[in-house]
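A.B. asks: With the input below, show me the fold.
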Amino acid sequence: MANHETKGNIGVTSENIFPVIKKFLYSDHEIFLRELVSNAIDATQKLKTLSSVGDFKGELGDLSVRIRIEDGKLIVSDRGIGMTAEEIDRYINQIAFSGAEEFVQKYQNNASAIIGHFGLGFYSSFMVAKKVEIVTKSYKDGAVAMKWSCEGSPEYQMTETTKDDRGTDIILYIDDENKEFLEKSRITSLLNKYCRYLPVPIVFGKKQEWKDGQYVDTDEDQVVNNTQPAWIRKPSELKDEDYRTFYRELYPMSDEPLFWIHLNVDYPFNLTGILYFPRIKSNIDLHRNKIQLYCNQVFVTDSVEGIVPEFLTLLHGVLDSPDIPLNVSRSYLQSDQNVKKISTHITKKVADRLEEIFKNDRPQYEEKWDSLKLFIQYGMLSDEKFYERAAKFALHKDVDGQYYTYDEYRQLINENQTDKEGFLTYLYTTNPNEQYSYIQAAKDKGYSVLVMDGQLDVHAISQLEQKLEKTRFVRVDSDTIDRLIRKTDGNTVHLDDRQKEALQEIFTSQLPGIDKVEFTVSFEALGQSANPVMLTQSEYMRRMREMSAMQPGMSFYGEMPDSYNLVLNTDHALIQSVLADEEKACAEKLQPVQNDIRGWEARQIDLREAQNKKKEDEITASEKEDLENTNRKLTELRAQQNTILTEYAAGNPVVGQLIDLALLGNGLLKGEALSRFIRRSVDLIR
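C.D. replies: Predicted coordinates:
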């Protein structure tokens with residue numbers, strides 16, 4: 001090329017490209033550094049390849065990519081293949097794409113698309129620079145160094161220059177709005193984010209040492225990246241400690257991982273990486289999005305939904321695939337066939353690894369189950385294929401800390417926990433301490449109780465009920481033990497209607513008013529040795545409330561009050577004693593009221609029967625009035641009866657004590673009520 005300056009226009013059919021780069025890509029402007037460093041790495045790798053096949057005979061020497069800040073400029077330099085004038089023209093000037101106008105409209109809000117889809121990595125530099133220069137010299141013999149300059153318009157200047165060495169310097173004159181990219185700390189953080197594991201050394205500044213009370217630069221270059229990260233090495237070269245060290249490098253503040261999978265696939269796509277199983281005990285959201293996605297060791301994103309199934313976003317680690325483009329939209333990833341294959345493959349590998357650990361070292365697997373459980377349940381709930389695999393190595397844990405596979409547990413309880421309808425009943429607790437007495441009652445019957453206290457257990461239970469034939473899960477406090485697993489029709493309650501009414505009113509009147517809590521009273525003959533009172537909660541309603549807390553569209557259940565059933569054991573001496581005492585203490589007051597009630601009830605029956613024989617228009621006004629008066633009189637008499645029973649109940653400390661014992665067993669006795677209970681207990685002991 002003749003030694004003169006060339007001027008020209010960059011080959012775009014619209015001048016809109018620069019305003020778009022400047023304005024619309026502003027939110028993503030930090031990626032310019034990733035693009036420039038990636039280009040420098042490519043140029044260096046190409047030179048290595050040419051050298052290895054004998055097409056470049058010179059010395060490779062130091063191939064580091066160097067970044068420096070000086071006088072308002074940010075400079076990225078490499079010693080790669082460089083460019084000739086013709087190559088600058090081809091790769092920089094002639095950005096030959098058709099319909100630039102349409103392209104600009106389509107991609108103006110998407111930095112990744114505009115830069116990645118059209119090979120415009122270099123042009124991302126205009127997001128932060130008012131002027132960009134390229135000083136480059138090709139590796140080819142006799143090459144002339146060239147300088148290219150552009151100030152953010154389609155006009156450029158290109159001229160010959162002098163450069164001692166092959167390679168390319170990209171010089172960015174940072175504009176006033178982007179002075180942050182002249183700060184050492186900002187560039188360090190970006191290099192750490194995007195370039196941490198690039199395969200060529202990247203030098204930024206000098207190593208420092210502590211001297212005379214401050215850090216000072218040494219003569220040694222500061223290499224900011226690890227060119228040989230663990231995932232690109234062979235698993236045979238790595239010890240367990242190497243994997244743990246790499247995990248600490250990725251997540252400095254995290255607990256040790258449980259175990260890991262080293263991926264190395266070359267067909268039908270290329271994929272390497274290491275996925276770690278973190279310790280997850282609760283709160284799924286805290287652990288999401290810790291997988292970092294790379295393309296040939298260049299960081300792409302840590303938002304990997306669509307690339308891996310949703311439940312695998314709980315894993316931590318690194319995936320690297322040249323088959324996933326550097327700059328793509330989320331919708332592109334979700335429809336790309338390569339990405340789908342990668343997703344399926346990773347799921348299979350994860351299941352393989354878990355099954356392998358389970359089979360080869362079950363004690364270690366059981367030891368880590370509590371941390372693995374949330375992850376495996378999430379997978380089983382959200383991925384049918386994973387459920388089929390995981391059903392072999394998912395575990396149940398009982399209240400004694402024993403672990404069972406689903407099949408093992410089913411065989412364990414099959415004989416003893418099948419009810420008279422042929423349903424196999426799984427008993428579980430959500431809090432072994434709070435539900436201790438209910439667990440003990442189940443154990444006394446020889447039943448097994450599972451611990452289901454995890455974030456996803458309520459959903460897992462519903463899934464298992466659907467998957468397993470004639471199976472139901474019930475919390476151990478949701479009914480009396482004989483009704484939880486009905487083997488027979490149960491014992492008969494030997495109380496007449498008057499006795500039931502009396503006990504109902506005595507206990508209902510003394511139940512506390514608790515916000516968003518409703519109580520009912522029922523009777524069961526549970527045997528003399530069972531507790532006198534029990535508080536149970538409907539399995540269905542409680543489960544619906546728990547699911548509503550995590551599931552949109554179920555908030556209706558969340559608004560409903562908690563419903564508890566106070567079960568009175570009519571076989572117990574204390575309940576019989578309350579009844580006998582009431583009959584004795586209230587007989588004189590109740591006798592005339594109850595006689596009146598019986599008389600008026602007989603009259604009510606007669607009037608209703610007479611009216612039922614007539615058509616509506618045949619019933620006279622006086623007959624209607626007679627029935628209304630009778631109904632009103634009965635209401636008044638029953639209210640008198642209830643007042644007598646309520647006054648009796650308030651004066652009987654045993655009633656209050658029994659209710660409070662039931663509330664205490666379910667964590668519902670608090671504050672002033674708990675204080676009164678303690679005082680009453682002391683008085684009763686005296």
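A.B. asks: Contact partners for residue 393?
C.D. replies: 354, 355, 358, 365, 376, 405 (C-beta atoms under 8 Å, 6 or more residues apart in numbering). For the C-beta atoms, the positions are set from N, CA and C on the backbone; glycine is no exception.
A.B. asks: swap the cut-off to 10 Å and go again
C.D. replies: Contact analysis of residue 393 by C-beta atoms under 10 Å, 6 or more residues apart in numbering lists 351, 354-359, 362, 365, 369, 372, 376, 405-406.
A.B. asks: pLDDT wise, what is it at?
C.D. replies: Looking at residue 393, its pLDDT stands at 95.
A.B. asks: nearest spatial neighbour of it, skipping sequence neighbours?
C.D. replies: residue 358 (4.0 Å; C-beta to C-beta, 6 or more residues apart in numbering).
A.B. asks: Which helix or strand contains that neighbour?
C.D. replies: helix 337-360 (DSSP states H and E).
A.B. asks: Give me the below-cutoff pLDDT ranges for the stretch 451-600 of the chain.
C.D. replies: 490, 547-559 (pLDDT under 70).
A.B. asks: quick one: residue 318 is in a strand?
C.D. replies: Yes - the assignment for residue 318 by DSSP: H, G, I helix; E, B strand; the rest coil puts it in a strand.
A.B. asks: That one: how many residues sit nearby?
C.D. replies: Using other C-beta atoms under 10 Å, residue 318 has 24 other residues around it.
A.B. asks: beta partners of it?
C.D. replies: residue 274, residue 292 (DSSP bridges).
A.B. asks: Double-check it against residue 251; I have them as touching.
C.D. replies: No - counting by C-beta atoms under 10 Å, residue 251 is not a contact partner of residue 318; they are 11.1 Å apart.
A.B. asks: shared neighbours, the two?
C.D. replies: Shared contacts of residue 318 and residue 251, defined by C-beta under 10 Å, 6+ apart, are found at residue 276.
A.B. asks: Widest-spaced pair of the contacts of residue 393?
C.D. replies: Largest separation among those by C-beta to C-beta: 356 and 406, giving 18.6 Å.
A.B. asks: More neighbours: which of those two?
C.D. replies: Taking other C-beta under 10 Å, residue 356 and residue 406 do not tie; residue 406 has more neighbours (17 against 14).
A.B. asks: ok, that one touching residue 394?
C.D. replies: Yes - the pair residue 406 and residue 394 passes the contact test of C-beta under 10 Å, sitting 6.3 Å apart.
A.B. asks: Now list whatever residues contact both of these two.
C.D. replies: Taking C-beta under 10 Å, 6+ apart as the contact rule, residue 406 and residue 394 both touch residue 464.
A.B. asks: and residue 447, how far is that from residue 429?
C.D. replies: 12 Å (C-beta to C-beta, to the nearest Å).
A.B. asks: okay, those two: which has more neighbours?
C.D. replies: residue 429 (22 against 19).
A.B. asks: partners of the more buried one in the sheet?
C.D. replies: residue 451.
A.B. asks: what's it in contact with, if anything?
C.D. replies: 398-399, 435-436, 438-439, 442, 449-453, 475-477.
A.B. asks: Just the buried ones from these?
C.D. replies: With neighbours counted by 16 or more other C-beta atoms under 10 Å, those contain buried members at 398-399, 435, 438-439, 442, 449-452, 475-477.
A.B. asks: Cross the residues you listed against helices and list the overlap.
C.D. replies: In helices, defined here by DSSP state H, the members of the buried ones among the contacts of residue 429 are 438, 439, 442.
A.B. asks: Next up, the contacts around the first one.
C.D. replies: With contacts defined as C-beta under 10 Å, 6+ apart, the neighbours of residue 438 are 427, 429, 432, 449, 475-481, 484, 531, 534-536, 665-666.
A.B. asks: so residue 537 makes contact with residue 666?
C.D. replies: Yes - assessed by C-beta under 10 Å, residue 537 is found in contact with residue 666 at 7.7 Å.
A.B. asks: Pull up the overlap in contacts between those two.
C.D. replies: With C-beta under 10 Å, 6+ apart, residue 537 and residue 666 have common neighbours 477, 562, 564.
A.B. asks: okay, the residues you listed in a markdown table with distance to residue 52 next?
C.D. replies: Shown next, in a markdown table, are the shared contacts of residue 537 and residue 666 (distance: C-beta to C-beta, whole Å):
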| residue | distance to residue 52 |
| --- | --- |
| 477 | 72 |
| 562 | 73 |
| 564 | 77 |
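A.B. asks: Which pLDDT value does the model give residue 124?
C.D. replies: Listed pLDDT for residue 124 reads 82.
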